[in-house]
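S.K.: Sequence and predicted structure, then a few things I'm wondering about:
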Amino acid sequence: MKKDMTVLKAIIEADYKRHVKKFNQIKESKDLILLGDSMMAYFPTKAFDLEDHLLNFGIPGDTSVGVLNRVHQVIKLKPKYVILNIGLNDFVLTNLSHKESLENILEIRHQILEGCPDTLVYVTSLTPINQKDFKDQTYLLNRDPQDAIDLNNMLKEKIDDRFFINIYDKLTDDQGDLNIDFTRDGIHLNQKGYQIYLHMIKNILE
């Protein structure tokens with residue numbers, strides 16, 4: 001298990017560097033930027049015909065530390081809207097406390113608002129996981145579903161309701177796990193799950 005996580009972390013770090021290099025080359029902005037980890041990176045923008053409307057700055061495996069280190073890439077483009085989803089990987093890829101993750105997320109939002117006063121910055125809740133139906137997924141190792149609930153509650157207290165979007169409750173089943181109909185591996189969403197995000201994004205763009 002430890003070896004699996006070591007290999008996974010090495011892959012994530014290399015992928016992070018490749019994405020950051022690619023994002024540095026983007027010069028032309030679009031109305032909306034998706035910012036965060038795999039939840040944003042795997043958003044099916046082509047399938048939903050959204051490529052002309054947004055830039056996807058999601059990086060699989062990213063953490064609040066990683067986004068904070070690259071937030072300047074978003075600020076220089078001055079988009080109209082930013083949707084931020086980050087923090088779920090903090091619990092397994094960093095030693096941050098929930099409070100430290102919260103502070104990082106708030107600082108990411110603060111820096112964007114300070115650098116782009118006309119930008120609307122939305123923060124979505126962390127998403128649930130499903131360990132009962134997907135027991136052998138490396139991505140689910142050492143995760144506690146309560147972590148996301150706790151950090152979501154902290155975010156709710158700090159971010160104005162107009163800019164905090166609770167996706168968590170819309171994705172859970174009757175037991176409070178990520179609904180199997182919305183996921184392909186117990187943590188990442190399938191296209192049906194992303195329909196929920198799509199509805200949210202369309203509301204923002206309209």
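M.R.: Thanks, I have the structure now.
S.K.: Run a quick neighbour tally on Gly193.
M.R.: 21 (other CB atoms under 10 Å). For glycine as for every other residue, the C-beta is placed from the backbone atoms N, C-alpha and C.
S.K.: Help me confirm that it comes into contact with Thr183.
M.R.: Yes - with contact defined as CB atoms under 8 Å, Gly193 and Thr183 form a contacting pair (6.1 Å).
S.K.: Now do the shared contacts for these two.
M.R.: Between them, Gly193 and Thr183 share no contacting residue under CB atoms under 8 Å, 6 or more residues apart in numbering.
S.K.: Now do the buried residues in stretch 193-200.
M.R.: The neighbour-count check on stretch 193-200 (16 or more other CB atoms under 10 Å) flags Gly193, Tyr194, Tyr197, Leu198, Met200 as buried.
S.K.: what's the answer for stretch 102-116, then?
M.R.: Residues of stretch 102-116 classed as buried: Leu102, Glu103, Asn104, Ile105, Leu106, Ile108, Arg109, Gln111, Ile112, Leu113, Cys116 (neighbour count, 16+ other CB under 10 Å).
S.K.: and the helix or strand hosting the fourth one, how far out from the chain's middle?
M.R.: Using DSSP states H and E, Ile105 sits within helix 98-115. A distance of 14 Å separates the C-alpha centroid of helix 98-115 from that of its chain, computed with CA atoms, centre = their mean, to the nearest Å.
S.K.: cool, stretch 162-171 as well?
M.R.: Stretch 162-171 sits 12 Å away from the centroid of its parent chain (CA atoms, centre = their mean).
S.K.: And it, what's buried?
M.R.: Buried residues in stretch 162-171, counted by 16+ other CB under 10 Å: Phe164, Ile165, Ile167, Tyr168, Lys170, Leu171.
S.K.: Mind checking which of the buried residues of stretch 193-200 land in helices?
M.R.: Gly193, Tyr194, Tyr197, Leu198, Met200 (DSSP state H).
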